[in-house]
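S.K.: sharing a sequence plus its predicted fold:
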Amino acid sequence: MLQKIKELINAKEGIDEINRNIGENNKIIHDLKAQLESLKGDVIETKKEQKEFLHNFRENLHIIKNLREDFGKELYEFKLLKGQLQRKILDKFEEELQKDLEVNRESLRKDAEDYELLRKKVSEILSRLSLTGEEMSKFLEISRSIKKEDFELTKFARHLIEMDREKLELMRKIDNLERLVSKIRRREVVR
């Protein structure tokens, strides 16, 4: 009987040990269940966020496609506008160039007319100078034939000096005019 009591006590201790193990396992199962519930909530939340992300992504993808099409159209229109602007700029440049050329032609025409007038005046001056030279030669001949004692020729000498100075001045002007004419001709040849 004592043996049976001991066996019962041992059995009771074994049952108590099993009950403790079951309690600990229940506690662990309960903790695992709570963690599993938390994970399930996290998975549901993640799934919901993923659906929302996919929905937003599809909307954004549609918007991006529309924007890409709009951008392509705008780019095409910009290229057309660029071509038109280039053509307009070239046309405007040609028009301005034609205006400048016309102004320069008028200027050259006026310069040519001025040159012709100057050439005629220079011819007149040269003929007058030639006449003046002939007159001076006559006066010199006459002055050689007249004795110094007969007349005082200081006035005439001054007049001759003055005429000589005028002649030199006219010769300088002729040189300047010839240089001007050469410049004008060179400009006409260059253009």
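M.R.: Everything's here; your move.

S.K.: give me the pLDDT value at the nearest residue in space to residue 173 that is not next to it in sequence.
M.R.: Nearest-residue entry for residue 173: residue 125, 7.7 Å, with adjacent residues in sequence omitted and distances by Cβ to Cβ, 6 or more residues apart in numbering. C-beta: built from backbone N, CA, C; applies to glycine. Per-residue pLDDT puts residue 125 at 80.

S.K.: so how far is residue 174 from residue 125?
M.R.: Plainly put, residue 125 is 7 Å away from residue 174 if you go by Cβ to Cβ, to the nearest Å.

S.K.: next one: residue 135
M.R.: Look at residue 135 and residue 174: by Cβ to Cβ, they are 19 Å apart.

S.K.: neighbour count for the two, which is higher?
M.R.: Taking neighbours as other Cβ atoms under 10 Å, residue 135 and residue 174 compare with residue 174 leading, 16 against 11.

S.K.: now that one: how far from residue 168?
M.R.: If you measure residue 174 against residue 168 using Cβ to Cβ, the figure is 11 Å.

S.K.: repeat for residue 131
M.R.: Distance, residue 131 to residue 168, by Cβ to Cβ: 17 Å.

S.K.: longest single helix anywhere in this structure?
M.R.: Ordering each helix of the chain by length in residues (DSSP state H) puts helix 2-145 first.

S.K.: so how far is that one from its chain's centroid?
M.R.: Relative to the centre of its chain, helix 2-145 is centred 17 Å away, using Cα atoms, centre = their mean, to the nearest Å.

S.K.: low-confidence stretches in this protein?
M.R.: Scanning the chain for pLDDT under 70 picks out 143, 146-153, 191.

S.K.: hmm, 50 instead?
M.R.: 149 (pLDDT under 50).

S.K.: got the CA positions of stretch 117-126 in CSV?
M.R.: Taking C-alpha atoms only, stretch 117-126 is exported to CSV below (Å, rounded to 0.1, in the frame of the first residue of the first chain):
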residue,chain,number,x,y,z
LEU,A,117,30.5,116.4,-111.8
LEU,A,118,33.9,116.6,-110.2
ARG,A,119,35.6,115.3,-113.3
LYS,A,120,33.9,117.9,-115.4
LYS,A,121,34.9,120.6,-112.9
VAL,A,122,38.5,119.3,-112.9
SER,A,123,38.5,119.4,-116.7
GLU,A,124,37.3,123.0,-116.6
ILE,A,125,39.9,123.9,-114.0
LEU,A,126,42.6,122.2,-116.1
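
S.K.: show me what contacts the residue in the chain sticking out farthest from the centre?
M.R.: Seen from the C-alpha centroid of the chain, the residue lying at the greatest distance (Cα atoms, centre = their mean) is residue 1, 117.9 Å away. By Cβ atoms under 8 Å, 6 or more residues apart in numbering, no residues touch residue 1.
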